[in-house]
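Novice: here is my input, please return the structure:
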Amino acid sequence: MQEMVITFPGGARVDVGFGSHTIHTDQPPQGGGNGSAPTPFATFLASIGACAGIYVLGFCRQRNLPTAGIRLLQRIEVNPANRLVGKVALDIHVPADFPEKYRAALVRSAEQCAVKKHLENPPEFEVTTVVD
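Specialist: Numbers count the residues shown, from 1 in each chain. Prediction:
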């Protein structure tokens with residue numbers, strides 16, 4: 001089991017530590033924070049695009065394809081009925097000289113993203129209080 005330690009460094013900031021890494025989050029000023037870091041939800045959304053990007057990068061590296069000029073554009077559509085994310089759209093922008101024969105495979109590689117797969121098959125959540 002991977003453990004992450006969540007701490008409260010002050011204000012509306014929340015840090016997540018794991019291994020030698022720390023992810024810093026904050027709330028915007030209108031949410032009581034300073035806007036010094038992305039919100040936890042923005043970090044979650046960014047993980048979708050970053051994960052797809054890792055798969056696109058890996059696909060290109062395995063085939064010695066240049067990644068210059070490749071970028072992913074992620075758009076979030078909110079369901080107005082429940083105000084939750086209703087759709088995540090990812091567009092992989094490639095330069096005009098990117099080989100046509102790899103374009104569909106590039107999409108298939110991005111669709112292998114582990115974050116996406118976990119959203120499609122969500123884990124069970126268990127939240128408890130532990131007295132130290």
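Novice: tell me how far Met4 lies from Ala96.
Specialist: Using Cβ to Cβ, to the nearest Å, Met4 is found at 42 Å from Ala96. Where C-beta positions appear, they are placed from N, C-alpha and C, glycine not excepted.
Novice: who has more neighbours, these two?
Specialist: Set Met4 next to Ala96 and count neighbours by other Cβ atoms under 10 Å: Met4 wins out with 11 against 5.
Novice: so what's the closest residue to that one other than its chain neighbours up against?
Specialist: What sits nearest to Met4 in space, not counting adjacent residues and going by Cβ to Cβ, 6 or more residues apart in numbering, is Phe18, at 4.3 Å. Residues near Phe18 by Cβ atoms under 8 Å, 6 or more residues apart in numbering: Gln2, Glu3, Met4, Val5.
Novice: show me what Phe18 is bridged to.
Specialist: Beta bridges link Phe18 to His21, judged by DSSP bridges.
Novice: find the nearest non-adjacent residue to Arg13, please.
Specialist: Nearest residue to Arg13, sequence neighbours excluded (Cβ to Cβ, 6+ apart): Asp26, at 4.8 Å.
Novice: thought that neighbour was touching Asn34?
Specialist: Yes: counting by Cβ atoms under 8 Å, Asp26 touches Asn34, with 5.9 Å between them.
Novice: pull up the overlap in contacts between these two.
Specialist: Counting by Cβ under 8 Å, 6+ apart, the residues touching both Asp26 and Asn34 are Gly11, Ala12, Arg13.
Novice: correct me, but the first one touches His24?
Specialist: Same thing as Gly11. No: Gly11 is beyond contact range of His24, at 11.5 Å (criterion: Cβ under 8 Å).
Novice: all set now, cheers.
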